[in-house]
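Colleague: predicted structure and sequence below. I'll ask about it afterward.
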Amino acid sequence: MSLNRYRLRHLSQAGHRGARLAETLLARPDRLIGLILLGNNFVNILASMLAAALALSYGGEAALWVATAILTTVILIFAETAPKTLAALRPEPVAFFAAHIYVPLLKVLYPLVWVVNLLANTTLRLFGISSQHSQNDALSREELRTVVMEAGAMIPRRHQKMLLGILELEEIEVDDVMVPRSAIEGLDISEDWEEVIAEIRRARHTRIPVYEETVDDVIGILHTRNLFREAQARELDATVLREILVDPYFIPEGTPLNRQLLNFQSARQRVGLVVDEYGDIQGLVTLEDIMEEIVGELSQSQELRGREIVGERDGGYLVRGSANLRNLNRRMEWELPVDGPRTINGLILERLETIPQVGTEVTVTDYRMQVLQRTSHGVKLVLITGPAKAATVATD
């Protein structure tokens, strides 16, 4: 009963005979317990009868008390406490050895065990307990997370983070990791062709959303590799550009990342546009965004970092109001709350319940945030000082 069921299953599948026998016995614990207790009680009662008979034969009734004390000590130490403590400390060798005895013994004593189990299970059913519904050994997500975190040196720390990232995908939605609508770097094909070419040259991504006048009118996704291939074959113009566009892929807002990862795989897509219930585009999600939740930052380029963190000042960091909280936590190893708003701007507005003036300070989980720039509808730039750096600044 003290065996690790998952290690037992692993050893059984690896061909360990003792493990296979133990797994067979544990498949019906009522029979195993019936067999063990049948033998245990039989031996204890038999030992009591023999001790009483010997005491009466050699010492009379007075010797019964001596025999009782000696037998109690012997059974308590050598038949109960010591062997059961050994089995609890060394469950595998004890269980695998015992399984070789229990399995054939169960076959021999099966009729007796069956009767014992019948009476015991009938008694349990009177209290509404069925022996057919044993406890489920499957681990929940939270239990599996605890197992990974407690693995210690058996799993490298980086691998632990990856496994925990996979477990958390179900709790994270595409809205949490998407590039917001206002930050989407797209290509307006309705502009002059020279400006379109200039925008393509300035593009920092290989896949670019192409739209007409507004992001809501996306007509396709441009893969720059296809564009360069076409440029070698013929002269480029707006018509050629439209021909090589890939149909846009849309994602309903609120989709969990684990589901979207499978959707990307089945649809053979790497970029998706997040839309709300009215069909309006809310943001953009890439396969890389989801993979970063599992393996961490895939790129250390200033392009990714500079989009949200502008620089450093006074021991803190200059952060855009549109910065995603999950990205900041992952890249800076911060612990900003992510169970509510998704951006720094949203977090500050939620705490203050108003659009703050420049110079306003607010503290969120020991992180001091000072508003440096604002617009008529939100916070634009914030100076964030973490707990450790805040102490340094105070000392200086």
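Modeller: It's in. Not measured: the values here are computed from a predicted model.

Colleague: and residue 275, how many neighbours?
Modeller: Residue 275: 18 surrounding residues under other CB atoms under 10 Å. The C-beta positions use only the backbone N, C-alpha and C, and glycine is treated the same way.

Colleague: checking my notes, residue 368 in a helix, right?
Modeller: No: under DSSP: H, G, I helix; E, B strand; the rest coil, residue 368 sits outside any helix and is assigned strand.

Colleague: pull the contacting residues for it.
Modeller: 316, 361-362, 384-385, 390 (CB atoms under 8 Å, 6 or more residues apart in numbering).

Colleague: neighbour count and pLDDT for the residues you listed - can I get that in CSV?
Modeller: Converted to CSV, the contacts of residue 368 look like this (neighbours: other CB atoms under 10 Å; pLDDT from 0 to 100):
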residue, neighbour count, pLDDT
316, 19, 87
361, 12, 91
362, 15, 91
384, 22, 91
385, 23, 89
390, 17, 37
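
Colleague: which one of those sits closest to residue 175?
Modeller: residue 384 (22.3 Å; CB to CB).

Colleague: looks to me like that closest one is in a strand.
Modeller: Yes: counting by three-state DSSP, residue 384 falls inside a strand.

Colleague: wait, it touches residue 367, no?
Modeller: Yes: the pair residue 384 and residue 367 qualifies as a contact (CB atoms under 8 Å) at a distance of 5.8 Å.

Colleague: any stretches of the stretch 251-396 of the chain with poor pLDDT?
Modeller: Per-residue confidence for the stretch 251-396 of the chain (pLDDT under 70) gives these ranges: 297-307, 388-396.

Colleague: try 90
Modeller: Where the stretch 251-396 of the chain drops to pLDDT under 90, the residues are 277-279, 288-317, 320-335, 337-343, 353-354, 359, 365-366, 373-378, 385-396.

Colleague: quick one, strands of it?
Modeller: According to DSSP state E, counting those that start in this stretch, the stretch 251-396 of the chain carries its strands in the segments 271-275, 281-286, 309-313, 316-320, 361-364, 367-375, 378-385.

Colleague: the fifth one - contacts with which helices or strands?
Modeller: Identification of packing neighbours for strand 361-364 by 3 or more CB pairs under 8 Å, 6 or more residues apart in numbering; DSSP states H and E yields helix 344-352, strand 367-375.

Colleague: give me the contact list for the first one.
Modeller: By CB under 8 Å, 6+ apart, the list of residues contacting helix 344-352 from outside reads 319-323, 325, 328, 336-337, 340-341, 355-356, 360, 362, 364, 369, 371, 378-379, 382, 384.

Colleague: tell me the angle that helix makes with strand 316-320.
Modeller: Counting by axes from the mean of the first three to the mean of the last three CA atoms, to 10 degrees, helix 344-352 points 100 degrees away from the direction of strand 316-320.

Colleague: from here on, call the first residue 775.
Modeller: Noted, 775 is the first residue going forward, which turns the last one into helix 1118-1126.

Colleague: hang on, the earlier thing: just the contacts of residue 1142 now: which is nearest residue 971?
Modeller: residue 1158 (38.6 Å).

Colleague: residue 1070 versus residue 933, what's the distance?
Modeller: 11 Å (CB to CB, to the nearest Å).

Colleague: actually residue 1063, sorry about that
Modeller: Separation of residue 1063 from residue 1070 (CB to CB): 12 Å.

Colleague: between the two, which has more neighbouring residues?
Modeller: Here residue 1063 and residue 1070 are compared on neighbour count by other CB under 10 Å; more neighbours surround residue 1063, at 22 against 13.

Colleague: now that one, nearest residue through space, not along the chain?
Modeller: Nearest non-adjacent residue to residue 1063, counting by CB to CB, 6 or more residues apart in numbering: residue 951, 4.6 Å away.
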